[in-house]
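*Asks:* Need the 3D shape of this:
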Amino acid sequence: MATLKLLKSYDEVGNIRTFVFDTAGQAWIAGQYQTYVLAAAGDTKDDNQRFFTIAAAPSEGEIHISTRVSESKFKQALNAMQPGDTIETKGIEGDFTWEETGDPVVLVAAGIGCTPYRSILLERHAAGKPLNCVLVQFSRDEDIPFKEEFAKLAAEHPEFTIKNLVGNPVTADAILEAAPQAAEQVTYLSGPEPMVDAVGDELKTRGVTLKQDWFPGYTEQTF
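*Replies:* The predicted structure follows:
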């Protein structure tokens with residue numbers, strides 16, 4: 001385990017807030033996640049333990065948790081943290097990472113499911129690598145996470161395109177309509193666990209090659 005110190009926190013958009021920690025010397029691959037433990041949230045794992053994708057690119061030299069602040073005991077304890085406060089972590093895991101094949105890919109995010117893409121895209125940009133992909137970003141409303149950051153990357157990388165779908169249900173049909181190339185390219189799907197399972201199964205029946213990232217605790221009403 002490692003102990004991370006909170007450096008700062010700030011609002012992103014809507015009820016999404018980013019918490020910035022030091023790395024405590026940890027290294028990760030863009031797109032990976034980590035388990036966090038906050039004893040102040042309660043005595044049980046259900047209350048005091050969560051895992052989040054590290055929203056920061058490794059090159060940023062910080063660890064970011066970007067999440068919707070709900071009424072859960074963990075989220076409330078996280079939101080109450082002040083600079084200098086600490087959080088405990090467990091191992092960094094996950095294979096929701098960019099496969100270096102040279103081929104373009106399709107990235108699909110539902111709401112806060114875009115956090116791994118922030119890490120991945122910023123890291124590729126910092127390394128001078130192409131962002132040869134389309135990002136299909138579903139949002140319940142106009143509060144689209146990282147909208148300006150992604151738009152800035154797209155302005156610098158003509159091979160990177162963004163399609164923001166506001167108020168649309170996340171379905172296989174909607175994904176394939178927005179990015180027909182998903183039928184031929186590796187497609188990344190990230191968002192609420194039930195949606196990633198259901199839509200992922202439907203895409204697989206249509207022959208789509210998928211990588212999936214499941215966000216527990218979110219639904220199609222709260223993503």
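*Asks:* What is the neighbour count of residue 201?
*Replies:* For residue 201, the tally of surrounding residues (other C-beta atoms under 10 Å) stands at 11. From N, CA and C alone the C-beta is placed, and that goes for glycine too.
*Asks:* tell me the phi and psi of it?
*Replies:* The phi/psi pair for residue 201 (degrees, to the nearest 10) reads phi -60, psi -40.
*Asks:* residues contacting the residue most central in space within the chain?
*Replies:* Most central residue of the chain, judged by C-alpha distance to the mean C-alpha position with C-alpha atoms, centre = their mean, is residue 115 at 2.0 Å. If a contact means C-beta atoms under 8 Å, 6 or more residues apart in numbering, then residue 115 has 52-53, 55, 66, 145, 190 as its contacts.
*Asks:* Helices - which of the residues you listed land there?
*Replies:* Among the contacts of residue 115, no member is found in helices (DSSP state H).
*Asks:* what would those look like in a markdown table with neighbour count, pLDDT and distance to residue 176?
*Replies:* Shown next, in a markdown table, are the contacts of residue 115 (neighbours: other C-beta atoms under 10 Å; pLDDT from 0 to 100; distance: C-beta to C-beta, whole Å):
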| residue | neighbour count | pLDDT | distance to residue 176 |
| --- | --- | --- | --- |
| 52 | 19 | 96 | 29 |
| 53 | 29 | 97 | 25 |
| 55 | 28 | 98 | 27 |
| 66 | 22 | 98 | 28 |
| 145 | 24 | 96 | 23 |
| 190 | 25 | 98 | 17 |
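*Asks:* from those residues, which is closest to residue 123?
*Replies:* The shortest separation between residue 123 and any of the contacts of residue 115 is 11.4 Å, and it belongs to residue 55 (by C-beta to C-beta).
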